[in-house]
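Structure for the following, please:
(2 chains)
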Amino acid sequence: MTLAVDVRHRMGAFALDVRFESEGRLTALFGRSGAGKTSIINLVAGLIRPDEGLIAVDGTVLVDTARRIFVPRHRRRVGYVFQEGRLFPHLSVRRNLLYGRWFAGRREKHIAFDQVVELLGLAHLLTRPPASLSGGEKQRVAIGRALLSDPRLLLMDEPLASLDEPRKAEIFPYIERLRDEMGIPVLYVSHAIAEVARLASTVVLLSQGRVLAAGAPADVLGSSEMVPVAGPGEVGAVLDARVAKLDVAFGLSTLETRAGPLTVPRVAAGIGSKMRVFIRASDVMLSLNRPEGISALNVLAGRVVALVEESRTVIDVALDCGGQHVMARITRRSAIALRLAPGVSVYAIIKSMALEDGERPGRR
Amino acid sequence: MLGLTEEELTAVRLSLKVALWATAASLPLGVLTALVLARGRFWGVSLLNGLVHLPLILPPVVTGYLLLLLFGRQGPLGSFLAENLGIVFAFRWTGAALACAVMGFPLMVRAMRLSFEAVDRRLEQAAGTLGANPLWVFVTVTLPLALPGIIAGMVLCFAKAMGEFGATITFVSNIPGETQTLPTAIYTFTQVPGGDEGAVRLTLISVAVSMGALLVSELMARQAGRRLGTA
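Next comes the predicted model:
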């Protein structure tokens, strides 16, 4: 699928001027609140008519102001999962789920009702009214409802934002399955870096209504453009990983990465499945010798690639660990004391607990 | 049956008929007007709002007289309707129903307007993205969500119609069996010697019907509210 967005739109004092294309299965719009993420989703859904521009999905034009094309929202076939669910309070869960299906009419349906109910674990909720559901259950129903309208594109506006950590953990695996099993492209809005690192196949970085960068998560989330968006404490590196081992006794998982094995609190994904890990630069400690007798479980060998002075106090150290980019944020005093320079061999130390991202099962 | 005379029974039956017709016939227009007042964003909205509420403020006699001027035999609308559609209002029960509908209309619209304003527009957006065109959004989302207010509006209109006196007696007079409704019948009884007994009986019935209508509306609204999880 290709999603092409090239629009300009004014809303009061806020001006949106964005252009990006994505071929990814899950395209994340990442940025602070007020960056224009939700506006872009609303433009794609047809809730807002842009002043000027073009939006197309797989070559189907949804909006083209130059040719005066504006497909009304009910003919766009986009499934929209709103931040607050927006379930119909007067309908049961089952009838909420089937609402869009009815309007899809005789069109061939790619997704079966039972499949969605099973995927999202909704079987025991079908007869209940939405008012009786928990926040996580509501979001799952909202996802199911959007899926069953047989969309060609799924829009998700911070579907996890209103949920607490355990509820997020409950939905995360469903979104991953959705991305990998359903074959429907997703446009996903988020301001949580770990969420984006883990879910996205393409990231569009937004700030004040403009695109700062777009591309693979590892490139965009590790780039210098991230600093103004994510804040100085949130820079880091994204590592592609594969679940290798499970230590049931201690509740830990071992992930294989190019930099070496990483031990993290148990993840929901099964052995062999791929995932991404975000390592915050400020969670990484550096040592010249391989450390012994410490509690941190992760020690990665690498070389210093570059040093970036952020301030009088702080230095960001870019590392190459077996071909994998890793970032460390340390004090300038430490960098001088260790005589760090490009080419110096170091060991990066990361506490396992720093790699916990609320995705573990059984933590209600 | 309470020892009602034939005359009294006729008045009760006629009142029920008039009130039901007044409510049913003004329902579609009431819903439409309430929707326009709740959602409309054009200059005429204030004017329409004033027009709808006029019968609430005007003396009922004035409303009745205006109806007589407009819908009477010689009135411009009355003669047009009589000639072209065969609908006659003057001194008929249909005229009583028209008078009651006009007097009950502001009450009906007020209640409905409030409930339309309370409907979450974001739910309508959600329905749109799921493939419902604007008409279906209205039928499947807006209308059901506004239902408690619509019921309340209908009951208010019905109750007002059951009790309407001034406009009715001015417009269609007080003809037993044709335009003599409960209130006008009570009025007549109080004007003749020895009519007190009948007046009391009809008054009791009037109270019972009004209470019943309010209870039914309360129940229906509560049921609708419970379904929405708000009760």
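
And the pLDDT at the residue of the stretch 51-200 of chain A found nearest chain B?
Nearest residue of the stretch 51-200 of chain A to chain B: A:Ala131, at 2.5 Å (CB to the nearest CB). All C-beta atoms are positioned from the backbone trio N, CA, C, and that covers glycine. A:Ala131 carries a pLDDT value of 90.

For the residue positioned nearest the centre of chain B, what is the enclosing helix or strand?
Geometric centre of chain B, nearest residue: B:Cys157, 3.3 Å, by CA atoms, centre = their mean. For B:Cys157, the host element (DSSP states H and E) is helix B:143-163.

got the residues of chain A near chain B?
Within chain A, the positions lying close to chain B (CB under 8 Å from any CB of the partner chain) are A:45-47, A:72-80, A:82, A:84, A:86, A:88-90, A:99-100, A:103-104, A:129-132, A:145-146, A:149, A:155.

that older thread, my guess is the residue nearest to the centre of chain B contacts B:Arg110. True?
No: using CB atoms under 8 Å, B:Cys157 makes no contact with B:Arg110, being 10.1 Å away.

before we move on, the earlier item: quick one: mean pLDDT over the helix holding B:Cys157.
The pLDDT scores in helix B:143-163 average 91.

name the helices or strands packed onto it?
Contact here means 3 or more CB pairs under 8 Å, 6 or more residues apart in numbering or on different chains; DSSP states H and E; on that basis helix B:143-163 packs against helix B:6-39, helix B:93-118, helix B:182-191, helix B:196-227.

what comes up buried for the first one?
So the one you mean is helix B:6-39. For helix B:6-39, a neighbour-count test (16 or more other CB atoms under 10 Å in any protein chain shown) marks B:8, B:10-12, B:14-16, B:18-19, B:21-23, B:26-27, B:30-31, B:33-38 as buried.

and if you look at the last one?
Buried residues in helix B:196-227, defined by neighbour count with 16+ other CB under 10 Å: B:198-199, B:201-202, B:205-206, B:209-210, B:213, B:217, B:220-221, B:224, B:227.

So for that helix, mean pLDDT?
The pLDDT scores in helix B:196-227 average 84.

before we move on, what about the second one?
Mean pLDDT, helix B:93-118: 93.

give the contact list for residue 40.
Reading this off chain A. With contact set as CB atoms under 8 Å, 6 or more residues apart in numbering or on different chains, A:Ile40 has these partners: A:Val5, A:Val7, A:Leu16, A:Val18, A:Leu29, A:Val189, A:Leu206.

Oops, wrong one, chain B.
The neighbours of B:Gly40, taking CB under 8 Å, 6+ apart as the test, are B:Leu48.

if we go to 6 Å?
Under the criterion of CB atoms under 6 Å, 6 or more residues apart in numbering or on different chains, B:Gly40 has no contact partners.

Isn't A:Asp157 up against A:Asn42?
No: the pair A:Asp157 / A:Asn42 is not scored as a contact, 8.4 Å apart, by CB atoms under 6 Å.

What are the boundaries of the strands in the stretch 1-150 of chain A?
Under the criterion DSSP state E, counting those that start in this stretch, the stretch 1-150 of chain A contains strands at A:3-11, A:14-22, A:26-30, A:52-57, A:60-64, A:69-70, A:78-81.

For these, please prepare CSV with the additional fields mean neighbour count and mean pLDDT.
What follows is these, written out as CSV (neighbours: other CB atoms under 10 Å in any protein chain shown; pLDDT from 0 to 100):
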stretch, mean neighbour count, mean pLDDT
strand A:3-11, 18, 92
strand A:14-22, 18, 92
strand A:26-30, 28, 92
strand A:52-57, 19, 93
strand A:60-64, 18, 93
strand A:69-70, 14, 92
strand A:78-81, 27, 92
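
okay if I get these as JSON lines plus distance to A:Arg276?
Output for these, formatted as JSON lines (distance: least, CB to CB, whole Å):
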{"stretch": "strand A:3-11", "distance to A:Arg276": "21"}
{"stretch": "strand A:14-22", "distance to A:Arg276": "17"}
{"stretch": "strand A:26-30", "distance to A:Arg276": "11"}
{"stretch": "strand A:52-57", "distance to A:Arg276": "25"}
{"stretch": "strand A:60-64", "distance to A:Arg276": "30"}
{"stretch": "strand A:69-70", "distance to A:Arg276": "37"}
{"stretch": "strand A:78-81", "distance to A:Arg276": "21"}
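
helix, strand or coil for A:Arg333?
Here A:Arg333 is recorded as helix under DSSP: H, G, I helix; E, B strand; the rest coil.

how near is it to A:Leu319?
19 Å (CB to CB, to the nearest Å).

For residue 171, give me its contacts.
Picking chain A for this. A:Gly136, A:Gln139, A:Leu160.

The intended chain is chain B.
Counting by CB under 6 Å, 6+ apart, the residues that B:Phe171 touches are B:Gly64, B:Leu67, B:Leu68, B:Gly95, B:Ala99.

ditto for A:Arg73
For A:Arg73, the contacting residues are A:Gly46, B:Gly128, B:Thr129, by CB under 6 Å, 6+ apart.

Top of those residues by number of neighbours, please.
Greatest neighbour count in these, by other CB atoms under 10 Å in any protein chain shown, goes to B:Thr129: 26 neighbours.

returning to that earlier point: just give me the closest of the contacts of A:Arg73 to A:Ser253.
Lowest distance from A:Ser253 to the contacts of A:Arg73 (CB to CB) belongs to B:Thr129, with 37.6 Å.

And stretch A:308-326, what's buried?
Buried, per 16+ other CB under 10 Å, within stretch A:308-326: A:Val314, A:Ile315, A:Asp316, A:Val317, A:Ala318, A:Leu319, A:Cys321, A:Gln324, A:His325, A:Val326.

which stretches of the stretch 251-364 of chain A have low pLDDT?
Applying pLDDT under 70 to the stretch 251-364 of chain A flags the ranges A:356-364.

hmm, 80 instead?
Scanning the stretch 251-364 of chain A for pLDDT under 80 picks out A:266-270, A:355-364.

Report the contact partners of the residue in the stretch 201-350 of chain A that chain B sits nearest to.
Nearest to chain B in the stretch 201-350 of chain A, going by CB to the nearest CB, is A:Val204, at a distance of 21.0 Å. Counting by CB under 6 Å, 6+ apart, A:Val204 makes contact with A:Phe20, A:Leu29, A:Val211, A:Ala214.

Now for B:Cys179, which secondary structure element holds it?
Careful, residue B:179 is Thr and not Cys. With DSSP H and E as the test, B:Thr179 turns up in no helix or strand.

Can you list the residue ranges for helices in the stretch 1-150 of chain A?
Applying DSSP state H, counting those that start in this stretch to the stretch 1-150 of chain A gives helices spanning A:37-45, A:93-104, A:113-120, A:135-148.

Make JSON lines from those helices and add mean pLDDT to it.
Below are those laid out as JSON lines (pLDDT from 0 to 100):
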{"stretch": "helix A:37-45", "mean pLDDT": "93"}
{"stretch": "helix A:93-104", "mean pLDDT": "90"}
{"stretch": "helix A:113-120", "mean pLDDT": "86"}
{"stretch": "helix A:135-148", "mean pLDDT": "91"}
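
Right, I'll leave it there.
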